[in-house]
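quick check, what structure comes out for this input:
(one chain, ligands or ions: 1)
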Amino acid sequence: MEDCIDERKVLNAGLCALVSVNGDDARIAQRARTSFRNNQKETSELNDANLIDYIMRHHHDTPFEFCGAEFYMVMPIFVARQMVRHRTAAINEESLRYVEARDECWVPSPEECKTQSVVNKQGSSSDLVKNPNDIIRTIESANTGAKESYNYLLEKGLSKELARSVLPLGQYTAWYWTANLRNIFHLLNLRMDEHAQYQIRVYANAMYEMLRPHFPVACSAFDNHVLNAITFSADEWNSLKFGFDMVNCQIEREALKHANILNMRKTRVKEFADKLGEKWSE
Ligand SMILES: Cc1cc2nc3c(=O)[nH]c(=O)nc-3n(C[C@H](O)[C@H](O)[C@H](O)COP(=O)(O)OP(=O)(O)OC[C@H]3O[C@@H](n4cnc5c(N)ncnc54)[C@H](O)[C@@H]3O)c2cc1C
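Predicted coordinates:
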């Protein structure tokens, strides 16, 4: 791997390294300003921050496409199969047609050994299996068996591209991965979510942690308007409004007052009032 800016060890033998960063918060704001033809305007960090916050919350996302980052990642094949679904990234992966498989395979920590969830049919529950050490030993022994078969096939002269067929999904692979910031945020929103599998979430968390110092304003807008935001569907919202009316308790006005107390900017309070269907006056 070439020199990197930052790196995090992930899982039992994985790595997530930030190799290069393209752009910064100022560039995002500058690209957004193109819309009103005042790229030359004297600006301040506060103006930039307000503008970035605005485009994030209104999904005017193209200015984020002018920035990006490149990562070097070493991860189990089952994590790579999830990452590769994010089609807007460019990837160069090491090829097991050219090189022999790495020694490392994924082995869970005892805390990762969760039972099948009954509610979420594709996920793990929060409960640990009864005997995690037995689970770990079984996975290690399956990995060792697969590796022995792989090495045997290579010794017998079988080509690497065919011998790899016996390797497990926990086999580590490595790649360079790059995308623009808009698509990175999209990936992070999906893969840092608690519904995402833990073993990809730790890579997404590592990516975000390393990215944040390079785009502090964009990341804070992303935290507020995307990652930690909650949206309501029309029927949910109608039910809520019905609830508000039923108790007739001025919740909307109280919410607006609170927004003022939180020091939200006037434009934000006005947008909030619009969402609540309230008339707003300064
Ligand atoms: C918790 C979770 C569970 C999942 N479970 C499954 C599963 O069971 N089975 C499964 O197959 N997948 C599953 N996925 C993968 C999921 O369906 C998406 O493939 C993945 O999240 C990538 O999302 P994306 O297509 O939005 O991202 P990207 O491919 O990065 O695309 C980004 C955006 O670009 C646009 N775009 C890209 N390509 C096209 C295109 N060809 N046409 C139109 N618009 C395009 C879309 O707006 C898209 O949102 C799961 C994902 C998550 C997060």
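
please count neighbours and contacts with C-alpha atoms only from this point.
Noted.

tell me the mean pLDDT over the strand or helix carrying residue 203?
Element membership for residue 203 (DSSP states H and E) is helix 198-211. What helix 198-211 shows for mean pLDDT is 98.

so what secondary structure elements neighbour that helix?
Where contact means 3 or more C-alpha pairs under 8 Å, 6 or more residues apart in numbering; DSSP states H and E, helix 198-211 is packed against strand 6-10, strand 14-22, helix 77-83, helix 181-191.

as TSV, those with mean neighbour count and distance to the ligand would be great.
Converted to TSV, those look like this (neighbours: other C-alpha atoms under 10 Å; distance: least, C-alpha to the nearest ligand atom, whole Å):
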stretch	mean neighbour count	distance to the ligand
strand 6-10	17	19
strand 14-22	20	18
helix 77-83	17	7
helix 181-191	19	5
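
could you dump these to CSV with mean pLDDT?
Below are the helices and strands packed on helix 198-211 laid out as CSV (pLDDT from 0 to 100):
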stretch, mean pLDDT
strand 6-10, 97
strand 14-22, 98
helix 77-83, 98
helix 181-191, 98
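
may I see the buried residues of the helix holding residue 203?
Within helix 198-211, the residues that count as buried by 16 or more other C-alpha atoms under 10 Å are 198-208, 210-211.

what's the following helix or strand after the helix or strand of the chain with the lowest mean pLDDT?
The helix or strand of the chain with the poorest confidence is helix 251-261; it has a mean of 68 (mean pLDDT, DSSP states H and E). Per DSSP H and E, the first helix or strand lying C-terminal to helix 251-261 is helix 266-276.

just the CA atoms of that next one, as PDB, please.
Extracted in PDB, the C-alpha atoms of helix 266-276 (Å, rounded to 0.1, in the frame of the first residue of the first chain):
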ATOM      1  CA  LYS A 266     -34.300  32.400  10.900                       C
ATOM      2  CA  THR A 267     -34.500  30.600   7.600                       C
ATOM      3  CA  ARG A 268     -34.400  27.300   9.300                       C
ATOM      4  CA  VAL A 269     -37.100  28.200  11.800                       C
ATOM      5  CA  LYS A 270     -39.200  29.400   8.900                       C
ATOM      6  CA  GLU A 271     -38.700  26.100   7.000                       C
ATOM      7  CA  PHE A 272     -39.600  24.200  10.200                       C
ATOM      8  CA  ALA A 273     -42.800  26.300  10.600                       C
ATOM      9  CA  ASP A 274     -43.700  25.500   7.000                       C
ATOM     10  CA  LYS A 275     -43.300  21.800   7.700                       C
ATOM     11  CA  LEU A 276     -45.500  22.100  10.800                       C
END
